[in-house]
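[1] A structural model of the following input is requested.
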Amino acid sequence: MESVLSERDRRKLDDGDDGAFYDDPRLVTHADDAFLARLTDLYAAVTDPDGRVFDAMGSWVSHLPEWPYERVVVHGLNAAELERNEWADEWFVQDLNRDQSLPLADDGFDAVCCALSVQYLQYPAAVFREFARVLAPGGVLVVSFTNRMFPTKAVQAWRNATMNGRVDLVESYCRAAGLAVTDVVRERPGSDPFYAVVAEHANGQ
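    Predicted structure coming up:
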């Protein structure tokens, strides 16, 4: 049961099918090079070179370090983009606003990454509970974002919030999933502000 966003909060300006909106591949990045380099550095700091990573709401690039991860699974909404992802050992397409249940085993990952996409989740508490479920005890969740978005597809709570308010939203999503926030990054490495919330699956719940 969603316990973070109200019906009003989760409204989008475009309530049409998300799958149709993302039907055409967008082989672009959604932040500047400095943001993406900082994101890779953050991933290098919080993941293990031989770890198991789930890249949620991803696309044709995952921005992970060039490490020999044991397993990288990438999720997104466009198959053509995911096929191009050189990090992906496996990938799957799923609309998390329609179905929040991930087809992944419990405790299967050491890290879950969600880059530049959290603003589109209409049922974030349910999705973050799934992130917690698939994380092994001690695993980390990294949620990163900037001030860019597709405004017609972002939920109202996100559109109306300041950047610090968006941090508060992500922290509330983590709390709803039983994840403990361990770090919040607020920087401007280039033109795009870099924000990230890091949380830990501490108790195996």
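[2] name the element Arg129 belongs to?
    helix 124-134 (DSSP states H and E).
[3] could you give the average pLDDT over that helix?
    Helix 124-134 comes out with an average pLDDT of 98.
[4] next one: that helix to chain centre, how far?
    Helix 124-134 has its C-alpha centroid displaced from the chain centroid by 11 Å (CA atoms, centre = their mean, to the nearest Å).
[5] residues contacting that helix, please?
    1-5, 54, 56, 96, 100-102, 104-109, 112, 114, 118, 121, 141, 169, 173-174, 176-179, 201, 205 (CB atoms under 8 Å, 6 or more residues apart in numbering). Just so you know, the C-beta spots here come from the backbone N, C-alpha and C atoms, and that holds for glycine as well.
[6] which SSE is immediately downstream of that helix?
    Downstream of helix 124-134, the first helix or strand assigned by DSSP H and E is strand 135-145.
[7] ok now the helix or strand that comes right after that following strand, how far from the chain's centre?
    Next in sequence after strand 135-145, counting helices and strands by DSSP H and E, comes helix 156-160. Chain-centre distance of helix 156-160: 17 Å, with CA atoms, centre = their mean.
[8] can you check stretch 108-123 too?
    2 Å.
[9] equivalent analysis for stretch 133-149, please.
    On CA atoms, centre = their mean, the centre of stretch 133-149 falls 6 Å from that of its chain.
[10] mind listing what's buried along it?
    If you call a residue buried by 16 or more other CB atoms under 10 Å, then stretch 133-149 has these buried ones: 133-136, 139-146, 149.
[11] could you do stretch 69-80 as well?
    Under 16+ other CB under 10 Å, the buried positions of stretch 69-80 are 69, 72-78.
[12] in this structure, where is pLDDT below threshold?
    1-2, 16-30, 203-205 (pLDDT under 70).
[13] quick one, strands of it?
    Under the criterion DSSP state E, the chain contains strands at 52-56, 71-76, 90-93, 109-115, 135-145, 180-187, 194-200.
[14] just to revisit the earlier point, just flag the most distant two among the buried residues of stretch 133-149.
    Spatially, the most separated pair among those is Ala136 and Met149, at 30.9 Å (CB to CB).
[15] quick one on the thing from earlier: now distance to Val46 too, for the strands of the chain, in TSV please.
    Formatted as TSV, these follow (distance: least, CB to CB, whole Å):
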stretch	distance to Val46
strand 52-56	11
strand 71-76	15
strand 90-93	22
strand 109-115	7
strand 135-145	5
strand 180-187	8
strand 194-200	6
